[in-house]
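Asker: have a look at this prediction, sequence included:
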Amino acid sequence: MLFMIFGVVAIVATFINLYMYKVGKDYKLAMVIGLSFTALTLCAEYSLVSVWVEVEDWAALMDVVPGMERALWFLTIVSILLNIAPILLERKGKK
């Protein structure tokens, strides 16, 4: 459940990051928060999987892990790209 809270915070911080960039304000703190909570989401998900391994809940592992792997890869890549987009756009604008 903790991974869902961290994930929501990461998404909100990412949108704040993009909004702050769009209105011309300092966006870097929101970017760091977004990326940090993305990392915390991955750690929390890994902890959940670790608990399932400890209690030998193979059904949960077989049911959830294959789909979550793809989702976590995709969402992490999207989070990184969205959070660094303002930096890339700022550099492109200076050229």
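Answerer: That came through, no problem. Numbering: from 1, shown residues only.
Asker: give me the low-pLDDT residue ranges for this protein?
Answerer: For the chain, the stretches with pLDDT under 70 are 95.
Asker: by contact count, what packs against the helix or strand hosting Glu45?
Answerer: Using DSSP states H and E, Glu45 falls within helix 28-54. Applying 3 or more C-beta pairs under 8 Å, 6 or more residues apart in numbering; DSSP states H and E, one finds that helix 28-54 contacts helix 2-22, helix 58-94. Every C-beta, even on glycine, is put in place using the N, C-alpha and C of the backbone.
Asker: separation between Ile87 and Leu18?
Answerer: To Leu18, Ile87 is 12 Å away according to C-beta to C-beta, to the nearest Å.
Asker: give me the more crowded residue out of the two.
Answerer: Neighbour count, other C-beta atoms under 10 Å: between Ile87 and Leu18, Leu18 has more, with 18 against 13.
Asker: list the contacts for that one?
Answerer: 27, 82, 85-86 (C-beta atoms under 8 Å, 6 or more residues apart in numbering).
Asker: can you pull the buried residues of stretch 44-52?
Answerer: For stretch 44-52, the neighbour count (16 or more other C-beta atoms under 10 Å) marks 44-45, 48-49, 52 as buried.
Asker: rewinding a little: quick one: distance of the helix holding Glu45 to the chain centre.
Answerer: Distance of helix 28-54 from the chain centroid (C-alpha atoms, centre = their mean, to the nearest Å) equals 7 Å.
Asker: and that helix with helix 58-94, angle?
Answerer: Interaxial angle of helix 28-54 relative to helix 58-94 (axes from the mean of the first three to the mean of the last three C-alpha atoms, to 10 degrees): 160 degrees.
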